[in-house]
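J.: I would like to see how this sequence folds:
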Amino acid sequence: MGNVIVQELLNVNDLDCQHGMFKLTMKSNATTCMVTPFDTNPLTRIWCLVTRSQILPSNFLEYVKLVELAMV
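T.: Just a heads-up that it's a prediction; the model follows:
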């Protein structure tokens, strides 16, 4: 059998580098996501806001991948 190379799902170094921007984004959007109506889970609401952004998902792509994995 030949060697099989499996591509990593997440890059730990990128997660570490993106941590600051991710934390700042979550804090700045938290208040907006905690207002009524509570027709959507606040966590789902914050991710909908973040992923609709043109800029934010590319700034912490590894965290977006992590959430997509968690949702699956």
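
J.: so how far is the helix or strand hosting residue 23 off the chain centroid?
T.: Applying DSSP states H and E as the criterion places residue 23 in helix 12-33. The chain centre lies 8 Å from the centre of helix 12-33; the measure is CA atoms, centre = their mean, to the nearest Å.

J.: same thing with stretch 21-37?
T.: For stretch 21-37, the separation from the chain centroid amounts to 13 Å (computed by CA atoms, centre = their mean).

J.: which residue is nearest the centroid of the chain?
T.: Compute the mean C-alpha point of the chain, and by CA atoms, centre = their mean the closest residue is residue 64, 3.2 Å away.

J.: so how far is residue 3 from that residue?
T.: From residue 64 across to residue 3, the span is 30 Å (CB to CB, to the nearest Å). (Each C-beta comes from the backbone N, C-alpha and C, glycine too.)

J.: angle of the helix or strand hosting the residue nearest to the centre of the chain against helix 12-33?
T.: Assigning secondary structure by DSSP H and E places residue 64 in helix 61-71. For helix 61-71 against helix 12-33, the angle by axes from the mean of the first three to the mean of the last three CA atoms, to 10 degrees is 70 degrees.

J.: counting by contacts, list what helix 61-71 packs against.
T.: helix 12-33, helix 42-52 (3 or more CB pairs under 8 Å, 6 or more residues apart in numbering; DSSP states H and E).

J.: lowest average pLDDT across the ones you listed?
T.: Lowest mean pLDDT within those: helix 42-52, at a mean of 80.

J.: name the SS class of residue 2, please.
T.: coil (DSSP: H, G, I helix; E, B strand; the rest coil).
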